[in-house]
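Enquirer: sequence unknown, structure follows:
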């Protein structure tokens, strides 16, 4: 019998030039002494920001050391074969008090050749959206690199970008290469590949407290951008109580939504992967191997691959995101 159990990690708080207070006011996470909090990293294997366990016997151990020790028991055989000791997903909450920069992430091939890193495909779930909040995802017409550069040089880049109004519960899948930005007034749950590589295209001429503008990566972005036009930037789905609703299925991760009003038995005997739950609303008790973990809004748990059966118990309306690799 494995010594592994459901793991909860210490939140890593990141202050950002565009960050706000919703991490505290909506999710109940105290980030002082930071002046604001733009992002929390809930589960991270990124070098320099590796998550540390805060519950149970492995308290104080970091995620990388646990993957090294337990290998496929923790992440799954196929996942371990593909990623080795690198944990493949980065789980975040993002609070945009101002617009983020317009940016793009490289795909696996480009990221490997330039940065010896994975690329960055990601998804966003809008936990809370202020009235009128919007974001940018992709282009609003067919463009090529020449058209893109022309608009960029004239300061008219936003004319060709696709802007979407956002409501609570909206979902966007962003493959590597898609130009995007999160607009002000959005609190987002983000699931992404383990990568911290961002090419910043335009930052609205912002300056930091010292009067410095942030670095742009205009040239690097040109080869990374997918110039295609798509008609399905927003993910369509229908909520259903007490069952799994698939939001995203990709080679990088699968994410489902669970709206629970009563105990939910999980049996994933054929799934060869870890499972991650993000609590977006309400609270849940996770019962696994005689181990009970109570989780409230804003908390995240990692269930090792070797744990195939467990119960998510709730007596209130509870919303969870469930992610794994198929």
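Expert: Good, I have the coordinates. Source: prediction; values computed, not measured.
Enquirer: next secondary structure element downstream of the helix or strand bottoming out on mean pLDDT in the chain?
Expert: The weakest-scoring helix or strand in the chain, judged by mean pLDDT, DSSP states H and E, is strand 291-296 (a mean of 92). Per DSSP states H and E, the first helix or strand lying C-terminal to strand 291-296 is strand 300-303.
Enquirer: related to what we said a few turns ago, partners of the least confident helix or strand of the chain, with directions?
Expert: Sheet pairing of strand 291-296 (DSSP bridges) gives strand 283-288 (antiparallel).
Enquirer: who touches the partner strand?
Expert: With contacts defined as C-beta atoms under 8 Å, 6 or more residues apart in numbering, strand 283-288 is touched by 5-6, 260, 277, 292-297, 301, 303, 307, 309-314, 316, 318, 320. From N, CA and C alone the C-beta is placed, and that goes for glycine too.
Enquirer: run the last query once more with 6 Å
Expert: By C-beta atoms under 6 Å, 6 or more residues apart in numbering, the residues outside strand 283-288 that reach it are 6, 292-296, 307, 310-314, 318.
Enquirer: closest one of those residues to residue 212?
Expert: Minimum distance to residue 212 across the contacts of strand 283-288 is 38.6 Å, recorded for residue 296 (C-beta to C-beta).
Enquirer: who does the closest one bridge with?
Expert: Taking DSSP bridges, one finds residue 283 as the beta-bridge partners of residue 296.
Enquirer: what number of residues lie near it?
Expert: By the criterion of other C-beta atoms under 10 Å, residue 296 has 13 neighbours.
Enquirer: same question, residue 207
Expert: Residues lying near residue 207 (other C-beta under 10 Å) number 11.
Enquirer: what's the answer for residue 313, then?
Expert: 18.
Enquirer: for it, grab phi and psi.
Expert: phi -110, psi 130 (degrees, to the nearest 10).
Enquirer: how about residue 109?
Expert: phi -60, psi -50.
Enquirer: state the distance from it to residue 158.
Expert: Relative to residue 158, residue 109 is positioned 28 Å away (C-beta to C-beta, to the nearest Å).
Enquirer: same check on residue 29?
Expert: Counting by C-beta to C-beta, the gap from residue 29 to residue 158 is 32 Å.
Enquirer: who's more crowded, those two?
Expert: Ranked by neighbour count (other C-beta under 10 Å), residue 29 and residue 158 place residue 29 first, with 18 against 13.
Enquirer: out of everything not next to it in sequence, what's closest to that one?
Expert: residue 23 (5.0 Å; C-beta to C-beta, 6 or more residues apart in numbering).
Enquirer: check which element follows the helix or strand containing the one you found along the chain.
Expert: If you go by DSSP H and E, residue 23 is part of helix 22-25. Next helix or strand after helix 22-25 toward the C-terminus (DSSP H and E): strand 39-43.
Enquirer: so what touches that next one?
Expert: 9, 11-14, 23, 49, 51, 91-94, 300, 302.
Enquirer: which strands border it, and is each parallel or antiparallel?
Expert: When DSSP bridges is applied, strand 39-43 pairs with strand 12-14 (antiparallel), strand 89-96 (antiparallel).
Enquirer: TSV please, covering those strands and showing mean neighbour count, mean pLDDT and distance to residue 69.
Expert: Listed next are the strands paired with strand 39-43 as TSV, based on neighbours: other C-beta atoms under 10 Å; pLDDT from 0 to 100; distance: least, C-beta to C-beta, whole Å:
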stretch	mean neighbour count	mean pLDDT	distance to residue 69
strand 12-14	18	98	21
strand 89-96	24	98	19
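Enquirer: let me have those strands in JSON lines, adding distance to residue 197 as columns.
Expert: Listed next are the strands paired with strand 39-43 as JSON lines, based on distance: least, C-beta to C-beta, whole Å:
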{"stretch": "strand 12-14", "distance to residue 197": "16"}
{"stretch": "strand 89-96", "distance to residue 197": "11"}
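Enquirer: for this protein, which spans come out with low pLDDT?
Expert: By pLDDT under 70, the low-scoring segments of the chain are 1.
Enquirer: please redo it, this time with the cut-off set to 90
Expert: Counting by pLDDT under 90, the chain contains low-confidence ranges at 1-2, 196, 203-215, 231, 289-291, 315-316.
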